[in-house]
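Trainee: Sequence plus predicted model, see below.
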Amino acid sequence: MTRRSVRRSVRLLGVTSGSTALVLGLAGSALACNIKDFSAEAKCDGGKGVIVVTDRDASAKDATVSVFLKGVGGIETKVGEQPVKGSKQGTGITFAEDWKPTATYRVHVKADKAVDEDIQPDLVTPATACKTESQTPTPPAGKTPPPSPSASASASTPAESAPPGSATPAPSASESSSAPAGTSNNAPSPAAGESNLAETGANSNTGLIAGLAAGLVVVGGGAVWFGMRRRGASRNG
């Protein structure tokens with residue numbers, strides 16, 4: 001083997017070793033946990049706000065995520081802290097936080113010695129709050145909301161009849177005024193005898209007729225007596 005061939009072999013071995021080291025370095029850096037593997041988002045769940053942090057760390061390192069609400073004057077309030085183990089597809093954890101519109105949250109990630117920093121930029125919530133189930137839509141201007149089912153049901157239900165044995169309600173003014181004129185509820189009912197006389201005609205002009213008949217009988221009797229007296233006188237003469 002010549003000296004030239006030895007140099008060529010050593011050169012090829014060096015190039016191969018360098019390429020291998022570079023590939024391994026790139027692969028290691030790609031698998032290492034990085035703050036860029038974490039993301040935070042403010043969402044709505046069932047009408048209430050939540051904060052979701054997603055870990056897309058392919059190395060699947062154990063990490064701890066802490067969320068802080070930034071207030072006025074730099075005062076921070078800790079919302080919560082949860083452990084997470086990342087995955088290539090992404091592992092999400094949820095913080096129950098009923099956030100306000102345009103609020104700012106700081107999300108800190110700590111993963112052993114690999115990561116110990118905040119997600120940048122800070123999380124800012126949407127300008128519109130989550131809608132709760134109790135909120136009712138406001139009708140447009142110029143339109144009257146429909147009546148409630150209970151009100152319409154009560155208006156359409158007829159009045160219930162009074163149960164047996166209960167007092168009968170007094171008639172209204174319109175009913176009492178519509179009674180025929182000349183009748184009175186307080187007038188006494190006719191006696192039984194009077195009603196029978198009315199049916200037979202005894203309470204009519206029977207007395208007057210009987211008096212006239214008696215007078216005619218008297219006049220007739222007088223006329224007969226006077227005639228008989230004259231006839232006797234003419235015989236005697």
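Mentor: Alright, I've got the coordinates. Since the model is a prediction, treat every value here as computed from it, not as a measurement. Residues are numbered from 1 along each chain as shown.
Trainee: what's near enough to touch the closest residue to residue 104 other than its chain neighbours?
Mentor: Once flanking residues are discounted, residue 104 sits nearest to residue 70: 4.3 Å by CB to CB, 6 or more residues apart in numbering. Every residue, glycine included, has its C-beta placed from N, CA and C. Counting by CB atoms under 8 Å, 6 or more residues apart in numbering, residue 70 touches 76, 103-106, 122.
Trainee: Same question for residue 101.
Mentor: 125-129.
Trainee: Apply 10 Å and report the result again.
Mentor: Counting by CB atoms under 10 Å, 6 or more residues apart in numbering, residue 101 touches 42, 49, 124-130.
Trainee: Show me which of those are buried.
Mentor: Taking 16 or more other CB atoms under 10 Å as the criterion, what is buried in the contacts of residue 101 is 42, 49, 125, 129-130.
Trainee: Nearest to residue 97 among those?
Mentor: residue 49 (5.9 Å; CB to CB).
Trainee: Looks to me like the closest one is in a strand.
Mentor: Yes - counting by DSSP: H, G, I helix; E, B strand; the rest coil, residue 49 is found in a strand.
Trainee: which SS state does the nearest residue to it once chain neighbours are set aside fall under?
Mentor: Nearest residue to residue 49 in three dimensions, chain neighbours excluded: residue 99, at 4.1 Å (CB to CB, 6+ apart). Secondary structure for residue 99, judged by three-state DSSP, is coil.
Trainee: in the protein, which spans are helices?
Mentor: 3-31, 149-156, 173-177, 192-200, 206-236 (DSSP state H).
Trainee: Sketch out the low-pLDDT regions of this structure for me.
Mentor: 1, 3-31, 132-206, 234-237 (pLDDT under 70).
Trainee: mind redoing it with 90?
Mentor: Judged by pLDDT under 90, the chain has its weakly predicted residues at 1-33, 46-47, 72-74, 112-114, 131-237.
Trainee: coming back round to it: which residues does the residue nearest to residue 104 bridge with?
Mentor: residue 76, residue 104 (DSSP bridges).
Trainee: Phi, psi for the residue nearest to residue 49 please.
Mentor: With angles defined as degrees, to the nearest 10, residue 99 sits at phi -70, psi 160.
Trainee: That one and residue 44, how far apart?
Mentor: According to CB to CB, to the nearest Å, residue 99 and residue 44 sit 9 Å apart.
Trainee: With residue 217 instead?
Mentor: Taking CB to CB as the measure, residue 217 falls 121 Å from residue 44.
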